[in-house]
Structures are given as C-alpha cells and as structure tokens.
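*Asks:* Kindly return the folded structure for what I paste below:
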Amino acid sequence: MTPETTPPIDIRKYLDALWKRKWVFILFFIGIPTVTMIFTFATKPVYEAKCVLLARAQEANPFSPLPYHNPVKNQIFILNTVNFARNVWEKIKDNKDLNKTLVSYLEDGDPVLNLKSKISYSYDDQNNLLYIKTKGHNPKETAELSNVVAEVFIKTTENIAKSSAHEIVKFLEEQIPKVEENLKKVQDSLKKFKMEEKLTDIKSIGEYISDKLKLIDEILAETEVNIKEREGVLRAWEERRKDLVENISEGRGGGLKNIVQNLYEKIVKLETQKTSLLLEGFKENSKEVKEIEDKIKQVKEELREKLKEGILTKASITEPFEEISNAVQKIVSVSAELKALQAKREALLKNKDEVMKEFSKFPEKEITYLTLQREFELNEEILIMLKKRYEEAKLQEVGQISRFVIVEPAIPPRFPVFPKKKQNLLFSIVIGLGLALSIVFLLEYLDTTIRDVDELKALYPDIPLLATIPNIKAIDPEKILITQHKRGSLYMESFRTLRSNLKFMRVGEDIKSILVTSSQPNEGKTTVAVNLGITFQMTNMKIIIVEGDLRKPGLPKVFGDKEKGLTDFLVGEADVKDIIYETFLENVFYVPPGSIPPNPTELLSSEKFKALISKLKKEFDIVIIDSPPLTLFVDSAVISSNVDASIVVLQFEYTRRETLEYTVSSLSRSGGKIIGFVVNKVIPSPFKVRAYYYYPYYKSYRDYGYPIEY
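*Replies:* As a prediction, this is how the structure comes out:
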C-alpha cells in the first residue's frame, strides 16, 4: 500500500482569501493605526519629572534585643498619604514664588486628590536612592512640582525625627517656670520664718535626717522629670502609630476602613506581646515567640486580602506595616522604661515616708526650719537640673535632621511618557494586521458560498463545468449581448467555449431542448440563455428562446414586450404561431411570457406546455428555455421534466453550497438531466490560475472554441 501523504499547503488559497476581502483587510489594517494615531495626536502629552534623593540609612544597634527595621524605608510610605498631599498643596498655594499656572492646574477638581494621583515613587535598596516622580502636561510645571514634593517630604521626615525631642523640650518649657515660682515661694517662706524666730542657723541631730530627706527628694524629683519625659515620648509614638493606621485605609469606604483598622490593631497587640517577650529574655527561635509570629502571619494575610479590595499593591501593604511595627517596638521599649521609673518612684516615696516618721519626733521649730531649708535647696537643684536638661533637649532637637537629601533636582523632561507615538504606531500596526487577518480568515471560514472550480469539482465530480463567463459592468441591457463585444474578446470567447462543450454533448442533435436555471436570483441565467442562443445562431442554426419565468421575466428587457406570449397560449387565448416573434438577430426567435398569471406552476406542468416544447423542437434546431431561480419556485423543476437537458448557472462567492445542493437534487428528483454548470460573473484574481484565466490563449486561436480543462 502506498502511504497517505498530506497534500501540500497551497499559499495561493490564503492569498486569494485576502484578495477577495481586501477592503475588509484594508479597513482594519489601515483603520486601526489611523484611529490610534488620531487618538495619540489628539491626546494631551503627559510628562514625568524625577527628583533623586539620597537616603542616609540608620545604623542598627548591635546591643538591642529588638529586630532592626530601617526607618528610612518606612518613612517613604508618607508619599502615599492624603495628609502629605494636603501639606504639599498648602505649600504650593501659600508660596507666591511658585508658578501661578501650577496652582490653577492642580485646582481642577479636588486639588488634594488630584495632587496625590500625580505623585509616585520608587526606591533603590542597593544604592539607598529615592526617586520622587510627578506627572503633568507641562514639562516645566511638572519638574517644579516634583521639587516641591521633595522639599515637603524632607521637611516632613525631619519633623518626624524631631517629634520625640520636641515633646521633651515642650515639657521642660512648661516645668521650669513652675519650679522657679515654687523656689521663690519657698525662699520667701524661709526668710520670713528666720525673721520671725530670729534664727540664723540650726544645728542638731536632725540635720542628718534632713540631709537624707533632701537626697531622697532630689532623686525623686529627677525620677519625676524622667517619667514626664518618657510619657511625652510615648504619647508621640502612640499618635504616630494611630496616624499610620488611619492613613492606610483613608478614602476606601467606612466598612473597609473599619476592617483594616481592626486588623492593624490585632497586629499591634501581637507585636506588643512579641516585643515584651524579647525584652524579658526570650529568644527569636523560642516556642512562645514563634507562636506569636505565626499568628501575625495569619492576620497579615487576612489584611493583605482586605487591602486588595482597596486596590493596593503588595509593596504598599508591606511598607506601612514596617513603619507601624517600628512604632510598636518604640512604644513597648519606652513603656518598659516608664514602668521601671514608676517602680523607682514608688520605692523612693516609701523610703521618704519612713524617714519622715523619724523626722516628726524632733521639736516643731527645728522641723519647720529644716523642712523649709530642704525644700529651698531641693527646688534650687531641680531648677538647675531642668535647665541643664532643657539645653540638652534643644541641642538634640536641632541635631535631628531628615535622613533624605536631594542629590539631583528634577529638570523639565524633553519627551512625554504618554502617549508614546512610535510605540503606539508599531503596536497599532501589529494589532491591525492581526485583527485584519483574523477577521478575513474568520469570514472565509464562515463563508458557505462556492469559492472556486476546485471546490465545485469536489462537491459535484460527475457534473462537468461547461464554461466560465467573465464579469462585465453593463448598465445598458444590450451590452450583455456578445454581439456588442469585439470578436475575440474574452467575453465572446467564453460563450463560444460553452457552445463547443455543448456540441461535444450532441446538443442540436440528440439534445434539442435546454433549460437554463439557477439557484438564486441575479446569477445571470437570462444573460447565459440569450448569449448561448446567439452563439448557436453563429453556426447557422435556427434558435428559439422561450421565457419560462412567468413571475419576473427578464427576456423582455432584451427583446422587448409583446402583445401575446406563453401564458396566452397555455390558457388557450393564442395559437403557437401567434406567440413566436422574430428578433433583431437572424434565425433567433423569441417566445415572450405574456401576461403574468396567478398560477404559473400549474400552467408549466400542463400537457399543453409539454406539447408546445415538442412542437418547437421539430421547427427549430435548439429550444432554449429561461426559468426562475429554483430555490424560490419549483417552476424550473417542472420544466426540466419536459426538456432534454438542464444547465445550472452559478456565481462564485455568491451561490451558497446549500442552495446549489437543493437545486441539483430538485432537478434530479423531477427527472431532469443536468448536463453541466456555467459559472457566470467571474471576477479575476491574481492568485487563481485554473478554470477561467485562459484569455491569453485566445490571442492566437480566437476563431476556435476550446473545451476548458476539468
């Protein structure tokens, strides 16, 4: 056995499909890039300016039991908050030196949200570089906005760095005037007591106890100052943590905001427990710490899913959590220090009570004097200590600076980032080409018409193709006649080929009556019938053409209307001789339709019609009968049973497979004999080489008709 081989791919079929639907292809291939470029050039260009900041990372404390978190990376999240955008807007609005058009540009809609949408950033971990980016329609304004955002960001991070020291300074500024006032009161009381009692100095055994009380009071006063300082720092970090939790869900709806805040509170509590365990001496890999870490991971995963509903990226989930985690660790650390100071204060107060019990046993004047003296010296030392602490805190506040510094200010960009004209053009060409090819081949796949000779042969291998008739554009009905074309023209030679093929089938001898029909309207069966009769007339044969289409006759447009016709004969109102008319061509006669009857099928199936055909066959060499489309009416099937042969006219890319199949089967069931197909209105294609591109051969053999290859 010979193995089956896959037939080679005929690229010409694909090219022909493109050629047939070239206007669809051109529409999409040219239309999509055209529309894209119109949109591209009509869209206002968007520019992006970039300001580069260097981040000076904080060194980790090797002696701290807490995990290290880089505050630099945490502070970057500030750029995403609405509060930061509001601060930038206030600076732009209040600064007269800034470009006035920049203010009006941002006032379009809500200026704060408008500004927030124009700010983006990226961080280079390896080089500690922060890129602050802004977008706008004007290069100069965009660069100016980027620099303003960078300046406000540096100022904001500097304020955050100074917040702890500022709380201490604020507390000391409140306490120093109070201590000074109290010192003056004690000094006045001591002076008044000395004058009234006429005392200059008291020396007794109670001096030892008084000194002891003085020492306790000094330590207690210093402890109270430290407690107030720690409380101020703790309050600052608590407010910072609260702001971060509120900012992360700001602007995302009340329900989502409450859920996000609750989840963050859970993380804060778990982080607090974890940090407390670390401060108590538990290791990172201990069972207790790992259990809390697992709980934190579960809550974080739930939080990430909720934040996705707010359209946040993974990066924006991680960054605020790191800063909140850092704030929690600070809160726990300061709380631990505060608890230790409070415990120290309780111990000192207890010791003071015990010493006071001993001190109360001494004489009243000595006790009063020693008490006033002790209070004076204590307040004096407290005032000195507070002033010293105040100067230290002021220096610390001044020394706190932002960890960011501008290394490359933004400059007006030269080219827009949107729209990208070259990229859009290339992309639209690719999309246009792909879409055009897809639609063309989809239409080709869905097309159920007969496309070419090969397909016709595959469907009906037993029915030959008699001829292919080229398409002509003729407004005048007479132009469809071959007599109106030059001898040797492709149009004339195609009908001569049809005549030659029919002669090989003994038409005019054994076959004398021929039905010309089609499947659908407008396939050109009338044109074929008339020109077929003319070509046989050229061989000195006597031809009669009968109009069998009694519904919408086409022959009167060629040969004219007549008084009587086929209908009149079939109803008995005219004889045969009355309905046969001469035409403008010698030996070509014509039977007109007559009046349009209400029952053409019944008339055509009558014995009288059958007798008429028999009589005409005796008087003429060939009888050609035109008929209506068979898929619309059964008239053609009725006529086919009374003639010797039938010719089916079809049109490539117009006649559908199912209608042609119905036509062939109807004629066969009626007893009609189909002797061949005629393809009419053939439109040339440079990618088809069979069946209807033989015109060059007629240049040399224009006097002969050759059978077509099939």
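*Asks:* Run a quick neighbour tally on the nearest residue to V679 once chain neighbours are set aside.
*Replies:* Among residues not flanking V679 along the chain, T468 sits closest, at 4.5 Å (C-beta to C-beta, 6 or more residues apart in numbering). Quick note: C-beta positions are derived from backbone N, CA and C, even for glycine. A total of 22 residues lie near T468 under the criterion other C-beta atoms under 10 Å.
*Asks:* and if you look at T368?
*Replies:* Using other C-beta under 10 Å, T368 has 15 other residues around it.
*Asks:* ok, and the closest non-adjacent residue to it?
*Replies:* In this structure, T368 finds its nearest non-sequential neighbour in F193, 6.5 Å apart by C-beta to C-beta, 6+ apart.
*Asks:* What's the separation between that neighbour and V186?
*Replies:* F193 sits 11 Å away from V186, going by C-beta to C-beta, to the nearest Å.
*Asks:* And the two? Which one has more around it.
*Replies:* V186 (20 against 16).
*Asks:* and the helix or strand where that one lies, how far out from the chain's middle?
*Replies:* Using DSSP states H and E, V186 maps to helix 139-197. Relative to its chain's centre, helix 139-197 lies at 54 Å (C-alpha atoms, centre = their mean, to the nearest Å).
*Asks:* and that helix, average pLDDT?
*Replies:* Averaging pLDDT along helix 139-197 yields 78.
*Asks:* So which other helices or strands are in contact with that helix?
*Replies:* strand 47-55, helix 82-94, helix 100-106, strand 129-136, helix 206-248, helix 364-399, strand 404-408 (3 or more C-beta pairs under 8 Å, 6 or more residues apart in numbering; DSSP states H and E).
*Asks:* Doesn't the residue nearest to V679 lie inside a helix?
*Replies:* No - counting by DSSP: H, G, I helix; E, B strand; the rest coil, T468 falls outside a helix, being strand.
*Asks:* right, and it touches Y491 too?
*Replies:* No - with contact defined as C-beta atoms under 8 Å, T468 does not reach Y491; the gap is 11.1 Å.
*Asks:* Of the helices and strands packed on helix 139-197, which shows the lowest average pLDDT?
*Replies:* Among these, helix 100-106 has the lowest mean pLDDT, at a mean of 63.
*Asks:* and the direction of the helix holding V186 versus that of helix 82-94, what angle?
*Replies:* Angle, helix 139-197 to helix 82-94, by axes from the mean of the first three to the mean of the last three C-alpha atoms, to 10 degrees: 100 degrees.
*Asks:* so helix 139-197 versus strand 47-55, what angle?
*Replies:* Using the same axes, to 10 degrees: helix 139-197 against strand 47-55 is 40 degrees.
*Asks:* what's the neighbour count on the spatially closest residue to D626 that is not a sequence neighbour?
*Replies:* Of all residues not flanking D626 in the chain, A529 sits nearest, at 4.5 Å (C-beta to C-beta, 6+ apart). As a burial measure, A529 scores 27 neighbours (other C-beta under 10 Å).
*Asks:* you'd agree A529 is in a helix?
*Replies:* Yes - under three-state DSSP, A529 falls within a helix.
*Asks:* thought it was touching S518?
*Replies:* No - counting by C-beta under 8 Å, A529 sits too far from S518 to count as a contact (10.4 Å).
*Asks:* quick one: the strands in the stretch 451-600 of the chain?
*Replies:* For the stretch 451-600 of the chain, the strands defined by DSSP state E, counting those that start in this stretch occupy 465-470, 513-518, 543-547, 581-582, 588-591.
*Asks:* Mind checking those for the one nearest to D568?
*Replies:* strand 588-591 (10.5 Å; C-beta to C-beta).
*Asks:* Next secondary structure after that closest one?
*Replies:* Next element after strand 588-591 (DSSP H and E): helix 600-604.
*Asks:* Could you check the helix or strand immediately after that following helix in the chain and say which residues are buried?
*Replies:* Downstream of helix 600-604, the first helix or strand assigned by DSSP H and E is helix 607-619. Of all the residues in helix 607-619, those buried under the rule 16 or more other C-beta atoms under 10 Å are F609, L612, I613, L616, K617.
*Asks:* for stretch 403-420, same thing?
*Replies:* R403, F404, I406, P409, A410, P413, P416, P419.
*Asks:* Likewise for stretch 497-504?
*Replies:* T497, L498, R499, S500, N501, L502.
*Asks:* got the CA positions of it in CSV?
*Replies:* Extracted C-alpha coordinates of stretch 497-504, given in CSV (Å, rounded to 0.1, in the frame of the first residue of the first chain):
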residue,chain,number,x,y,z
THR,A,497,-16.3,27.7,-25.3
LEU,A,498,-19.8,27.0,-23.8
ARG,A,499,-21.1,26.3,-27.4
SER,A,500,-18.2,24.0,-28.2
ASN,A,501,-18.6,22.0,-25.0
LEU,A,502,-22.3,21.6,-25.6
LYS,A,503,-21.7,20.4,-29.2
PHE,A,504,-19.5,17.7,-27.8
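*Asks:* quick one on the thing from earlier: looking at the buried residues of helix 607-619, spot the one nearest K13.
*Replies:* Nearest member of those to K13, counting by C-beta to C-beta, is I613, at 43.3 Å.
*Asks:* what residues are up against that closest one?
*Replies:* Going by C-beta atoms under 8 Å, 6 or more residues apart in numbering, I613 touches S513, V623, I625, N642, V643.
*Asks:* mind listing which of the residues you listed are in helices?
*Replies:* Using DSSP state H, the subset of the contacts of I613 located in helices is empty.
*Asks:* Filter the residues you listed down to just the ones in strands.
*Replies:* Counting by DSSP state E, those place S513, V623, I625 in strands.
*Asks:* So which of those is the closest to E377?
*Replies:* I625 (140.8 Å).
*Asks:* hang on, the closest one packs against G548?
*Replies:* Yes - shown here, I625 and G548 form a contact pair, counting by C-beta under 8 Å, at 4.5 Å.
*Asks:* Give me the common contacts of those two.
*Replies:* Counting by C-beta under 8 Å, 6+ apart, the shared contacts of I625 and G548 are L515, I639.
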